[in-house]
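Engineer: what's the 3D shape of this:
(chains A and B)
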Amino acid sequence: MKDLTVPILLLAIWPATAALAGARHFTYVYEAVTSAPGSLDVENWVTWSRTDNPQRADEVDFRHEFEFGVTDKFQASVYVADWFYAADPEHSGFTYSDSAVELIYNLTNPVVDPLGLAVYEEIRAGDRVFELESKAIIQKDLGPLILAYNATLEAVWQGAGLQDRQGEFQQALGISYEISQRVSVGVEMLHEFVFPEWRDSEHIRNVFVGPNISFRHQNWFVTVTALAQATDTPDEADFQLRTIFGIGF
Amino acid sequence: MFFLLAIVACLLACESVNYVPLVTPQMAAARQGRRVDVATLREGRTLLVHRCIECHTLPRLWHYSDEDWPKIIHTMSHRASLKPAERDAVVAYILAVRSQNFVTP
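Structural biologist: Residues are numbered from 1 along each chain as shown, chains lettered A, B, ... in the order given. A predicted model of the protein is given here:
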């Protein structure tokens, strides 16, 4: 019940005129456009990932997000709960992971400016995990084509006493082509540089790439991306399938 | 290198791809019997390029007729959180651009 207090309060004070906050064309890549002021959107994320190296393990991650348009250039989101179901030879079951706050400020427009820019900050806290994530989001709309690029810096403290530290730099590139006003198809690519204990001694580099499709109608949308690992990093997912279903009130 | 040049060329060409011309005084006076002020047209343009792209890319303004545009904007105004005056400003801007013969079929 404690986890539901914040969203219930926010819903109670939100204007009755709230509308759809916007549709996502990507599931891993963020876009520079922010939600209209007064809009409210609920997004449910489901990510299935399979790891085969060194042993087979499946995990399904869930996220429930409330997204608010605060001003024309600023939006705020609350990740009420991130939780997951893991199935591997040693353990299976549901586990609560964390909750988070996400803030995005738009600087320039992807249609009329040479490049659309936005800055992103996320603060995540949970059971034995604390994370800070900063992102620069670049987007350009060229007719029916959307190009988006994210540069992300992430710092994670986790484990007992938050003593395990890890840094990560990630580049993400997305291309989406709008076939019609309702349907878009595209490609997403992630390039990760992982720094356990803030060091690069293990030289961990991961690349994931795959197609996506997005469908929107009236006050809802659904976007699906399938990513395959193009590198051969142990303990990283070989295949991921993410679906985001969003609905406006 | 070729890829980078292609991206730069695309960005330079973006004004012709995303055809949302700046508002001019001539545009405000263009439609006979439907004169609107420049400030309203500017607001309409700003709203068009901010709110509509939250869900989809901008359609070319010549894809629909003068009669269709008000209906389309009205249908989507709730999704875009447009108030009635804002909705009218967006329609006014689109019709003003079309009346200036900026839009080519």
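Engineer: pLDDT score for residue 25?
Structural biologist: With no chain named, the answer covers chain A. At A:His25, the model reports a pLDDT of 96.
Engineer: nope, chain B
Structural biologist: The predicted local confidence for B:Pro25 comes out at a pLDDT of 85.
Engineer: roughly how far apart are it and chain A?
Structural biologist: With distances taken as CB to the nearest CB, to the nearest Å, B:Pro25 is found 20 Å from chain A. C-beta: built from backbone N, CA, C; applies to glycine.
Engineer: test my guess that that residue contacts B:Val36.
Structural biologist: No. Proximity of B:Pro25 to B:Val36 does not meet the contact threshold set by CB atoms under 8 Å, at 11.4 Å.
Engineer: more neighbours, those two?
Structural biologist: In this comparison of B:Pro25 against B:Val36, neighbours counted by other CB atoms under 10 Å in any protein chain shown, the higher total goes to B:Val36 at 21 against 10.
Engineer: three-state assignment of the most centrally placed residue in chain A?
Structural biologist: For chain A, the residue sitting closest to the mean C-alpha position, by CA atoms, centre = their mean, is A:Tyr28 at 5.2 Å. At A:Tyr28 the chain is in coil, as set by DSSP: H, G, I helix; E, B strand; the rest coil.
Engineer: with adjacent residues omitted, what lies nearest to it?
Structural biologist: The spatially closest residue to A:Tyr28, leaving aside those adjacent along the chain, is A:Glu188, at 5.1 Å (CB to CB, 6 or more residues apart in numbering or on different chains).
Engineer: low pLDDT regions in chain A?
Structural biologist: A:1-21 (pLDDT under 70).
Engineer: which positions in it make contact with chain B?
Structural biologist: By CB under 8 Å from any CB of the partner chain, the residues of chain A that approach chain B are A:17-23, A:33, A:35-39, A:69, A:72, A:109-112, A:114-115, A:140-146, A:178, A:181, A:184, A:216, A:218-219, A:221, A:248.
Engineer: give me the subset of the residues you listed lying in strands.
Structural biologist: A:Gly69, A:Lys140, A:Asp141, A:Leu142, A:Leu145, A:Ile146, A:Glu178, A:Ser184, A:Arg216, A:Phe221, A:Gly248 (DSSP state E).
Engineer: how many other residues sit next to the last one?
Structural biologist: Burial measure for A:Gly248: 24 neighbouring residues, criterion other CB under 10 Å.
Engineer: beta partners of it?
Structural biologist: Partner residues in beta bridges with A:Gly248: A:Asp41, with DSSP bridges as the criterion.
Engineer: of the residues of chain A next to chain B, select the buried ones using a PyMOL command.
Structural biologist: In PyMOL, selecting the buried portion of the residues of chain A next to chain B, with burial taken from 16 or more other CB atoms under 10 Å in any protein chain shown, looks like this:
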select buried, chain A and resi 18+19+20+21+22+23+33+35+36+37+38+39+69+72+109+110+111+112+115+140+141+142+143+144+145+146+178+184+216+219+221+248
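Engineer: can you map out the helices along chain B?
Structural biologist: In chain B, the segments counted as helices under DSSP state H are B:2-12, B:14-17, B:25-30, B:38-51, B:68-76, B:84-99.
Engineer: which other residues reach the fifth one?
Structural biologist: Put plainly, it is helix B:68-76. Applying CB atoms under 8 Å, 6 or more residues apart in numbering or on different chains, the set of residues contacting helix B:68-76 from outside is B:Cys52, B:Tyr64, B:Leu82, B:Arg87, B:Val90, B:Val91, B:Ile94, B:Leu95, B:Arg98.
Engineer: contacts only, for the residue nearest to the fourth one when sequence neighbours are not counted.
Structural biologist: Nearest in space to B:Arg87, with sequence neighbours left out and distances taken as CB to CB, 6+ apart, is B:Ser77 at 4.4 Å. The contact partners of B:Ser77, by CB under 8 Å, 6+ apart, come to B:Pro84, B:Glu86, B:Arg87.
Engineer: same question, A:His203
Structural biologist: With contacts defined as CB under 8 Å, 6+ apart, A:His203 has no neighbours.
Engineer: how far away is it from A:Leu40?
Structural biologist: When distances are taken as CB to CB, to the nearest Å, A:His203 and A:Leu40 turn out to be 44 Å apart.
Engineer: do A:Val80 as well
Structural biologist: From A:Val80 across to A:Leu40, the span is 13 Å (CB to CB).
Engineer: which of those two has more neighbours?
Structural biologist: A:Leu40 (22 against 18).
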